[in-house]
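Asker: here are the coordinates; sequence isn't available:
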């Protein structure tokens, strides 16, 4: 127990150090981005992927993506997605894949018609390669990851190792944000998403990964804090990450993180023994007090503007006309585009041209569902149905996967407000397809410490 505690604290200190080094020496971010897959390959090669080491490496890459992009360390915006795809293929080479993953092979095939539509465009102003890579890297990452994870057996404890591997670089991201923007009060002047509190990067993506971090360290707090020291450490991390997520003023990631936590608590309560359920009074009380504490502190630091943000008001307290920051107009255009092109869609990436023609400016789609419909047509609809339904078919015989619904909701909510700009929704969706086993030596998690 002491060795595990020492190891866990050491990992947190190392990742605090990474944040300090990246802040002082920004060029280290590029080294960090290159080192991760190199060390990852040696790790997988040495173990021959006997315990799904590729998932641990991919989890770490996914957790580090926003930090790397925020600090200029990425080769390009799709770098982490390509790394995840490559590691998943390596994993298949070592460990194969389920023949029943045919659903996700079909999903990948359904992307082909829109590729042909885009490739046949006669608009010389369109960079076909760029359009295809930008818009299909996310779905392809999801499809390949899902093929590898579908019905793959893992212990619950091994799944937690993957989750923590994803959480460590998210912890680094939160520490970096404190270094980049130590005083929130000085930069919060409105209720708009704030780039300064987001490390100079996109608040939506920062909020998304921090919301995921909230859930990850909450699981550590709730299920794997076997000592008072761990309770304090993990509790503080949850509070710190939650605070940095809220002050981005981007609501999507925070709401998603809260939903994931509430879903997990509901699942644990439902499947717990009667005597264990009595502990939930204290768990709900503690969780509520933590939420009130971090929200109250954030409200004080933002002079009450955070309440106005979540009430959809401007700094003067006036209600805004739209609730999604102008995204309703984009979604409406994409849905109409689907109705006008219901079979093949307008082609992968070509929705950008349609939005520019309709709105007069270049705007990105934040909603992967309407984007899939408008650009892929009926093939996109079938692809979405595969993604929506397949996990639940698997879950019927996979009830020991305590994180299933939380992972599923992360994917579903994230693609509705941040599309698939990062690898996180694709990879977390894939984790929901694992066959998780809580073995006898792990059943003590049900006692909730």
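Answerer: Good, I have the coordinates. These figures come from a predicted structure and were not determined experimentally.

Asker: hang on, residue 298 packs against residue 306?
Answerer: Yes. With contacts counted by CB atoms under 8 Å, residue 298 reaches residue 306, the gap being 5.3 Å. Using the backbone N, CA and C atoms, a C-beta is placed for each residue, glycine as well.

Asker: Mutual contacts of those two, please.
Answerer: Common contact partners of residue 298 and residue 306 (CB atoms under 8 Å, 6 or more residues apart in numbering): 246-247.

Asker: residues making contact with whichever helix or strand residue 352 is part of?
Answerer: Using DSSP states H and E, residue 352 maps to helix 351-359. Helix 351-359 has contacts (CB under 8 Å, 6+ apart) with 123, 126, 131, 329-330, 333-334, 337, 346, 362-365, 371, 374-375.

Asker: can you check stretch 150-160 too?
Answerer: Counting by CB under 8 Å, 6+ apart, 51-52, 55, 95, 97-98, 100-101, 103-104, 219, 223-224, 394, 400, 402-403, 431, 433-439, 442, 445 sit against stretch 150-160.

Asker: So which of these are in strands?
Answerer: Secondary structure from DSSP state E places 435-437 of those in strands.

Asker: so which of those is the most crowded?
Answerer: residue 436 (21 neighbours; other CB atoms under 10 Å).

Asker: residue contacts, that one?
Answerer: Neighbours of residue 436 in contact, by CB under 8 Å, 6+ apart: 154-156, 159, 398, 400-404.

Asker: what's the average pLDDT for the helix holding residue 352?
Answerer: Throughout helix 351-359, pLDDT has a mean value of 80.

Asker: need the helices for the stretch 201-350 of the chain, in chain order.
Answerer: Applying DSSP state H, counting those that start in this stretch to the stretch 201-350 of the chain gives helices spanning 203-223, 228-246, 251-271, 274-277, 280-301, 305-310, 327-340.

Asker: Go ahead and measure how far the fourth one is from the middle of the chain.
Answerer: When you say that, I think you mean helix 274-277. 32 Å (CA atoms, centre = their mean, to the nearest Å).

Asker: Ok, the first one next?
Answerer: Taking CA atoms, centre = their mean, the mean C-alpha location of helix 203-223 is offset from the chain mean by 9 Å.

Asker: Use 4 as the first number for this chain going forward.
Answerer: Sure thing, new numbering starts at 4, so read that last one as helix 206-226.

Asker: Check which helices and strands that helix sits against.
Answerer: Judged by 3 or more CB pairs under 8 Å, 6 or more residues apart in numbering; DSSP states H and E, helix 206-226 is in contact with helix 56-73, helix 159-183, helix 231-249, helix 254-274, helix 407-420, helix 427-434.

Asker: Can I get the buried part of the contacts of helix 354-362 as one ChimeraX selection?
Answerer: With 16 or more other CB atoms under 10 Å as the criterion, this ChimeraX line picks the buried residues out of the contacts of helix 354-362:
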select :129,134,333,336,337,340,349,366,368,374,377,378
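
Asker: Pick the one among the contacts of helix 354-362 closest to residue 70.
Answerer: For the contacts of helix 354-362, the minimum distance to residue 70 (CB to CB) is 21.3 Å, reached by residue 367.

Asker: tell me the two of the contacts of residue 439 that are most distant?
Answerer: With distances taken as CB to CB, the most widely separated pair in these is 158 and 407, at 15.2 Å.

Asker: Those two - which one has more neighbours?
Answerer: Applying other CB under 10 Å to residue 158 and residue 407 shows that residue 407 carries more neighbours, namely 23 against 16.

Asker: wait, that one sits on residue 398?
Answerer: Yes. Using CB under 8 Å, residue 407 is in contact with residue 398, at 5.4 Å.

Asker: how much space between residue 344 and residue 386?
Answerer: 16 Å (CB to CB, to the nearest Å).

Asker: Repeat that for residue 267.
Answerer: Distance of residue 267 to residue 386, given as CB to CB: 28 Å.

Asker: Also residue 392?
Answerer: From residue 392 to residue 386 the distance is 11 Å (CB to CB).

Asker: So for those two, which sits in the more crowded spot?
Answerer: residue 386 (24 against 11).

Asker: tell me the SS of the more buried one?
Answerer: helix (DSSP: H, G, I helix; E, B strand; the rest coil).

Asker: I figured it was touching residue 114, is that so?
Answerer: Yes. Between residue 386 and residue 114 there is a contact under CB under 8 Å: 7.0 Å.

Asker: Show me the common contact partners of the two, please.
Answerer: The contact sets of residue 386 and residue 114 overlap at 142, 379 (CB under 8 Å, 6+ apart).

Asker: Near residue 28, how many other residues are there?
Answerer: Neighbour count of residue 28, defined by other CB under 10 Å: 10.

Asker: dump the residue contacts of it.
Answerer: Under the criterion of CB under 8 Å, 6+ apart, the contact list for residue 28 is empty.

Asker: returning to what we had before: please tabulate the helices and strands packed on helix 206-226 in JSON lines, including the columns distance to residue 214.
Answerer: Output for the helices and strands packed on helix 206-226, formatted as JSON lines (distance: least, CB to CB, whole Å):
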{"stretch": "helix 56-73", "distance to residue 214": "11"}
{"stretch": "helix 159-183", "distance to residue 214": "10"}
{"stretch": "helix 231-249", "distance to residue 214": "6"}
{"stretch": "helix 254-274", "distance to residue 214": "3"}
{"stretch": "helix 407-420", "distance to residue 214": "8"}
{"stretch": "helix 427-434", "distance to residue 214": "10"}
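
Asker: Output those helices in a markdown table; the columns should cover mean pLDDT and distance to residue 49.
Answerer: A markdown table is the format used below for the helices and strands packed on helix 206-226 (pLDDT from 0 to 100; distance: least, CB to CB, whole Å):
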| stretch | mean pLDDT | distance to residue 49 |
| --- | --- | --- |
| helix 56-73 | 97 | 8 |
| helix 159-183 | 97 | 16 |
| helix 231-249 | 97 | 29 |
| helix 254-274 | 94 | 33 |
| helix 407-420 | 96 | 28 |
| helix 427-434 | 98 | 23 |
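
Asker: Name the nearest residue to residue 218, sequence neighbours excluded.
Answerer: Of all residues not flanking residue 218 in the chain, residue 263 sits nearest, at 4.1 Å (CB to CB, 6 or more residues apart in numbering).

Asker: what about residue 192, which helix or strand?
Answerer: Counting by DSSP H and E, residue 192 is part of no helix or strand.

Asker: so what's it up against?
Answerer: Contacts of residue 192 by CB under 8 Å, 6+ apart are residue 318.
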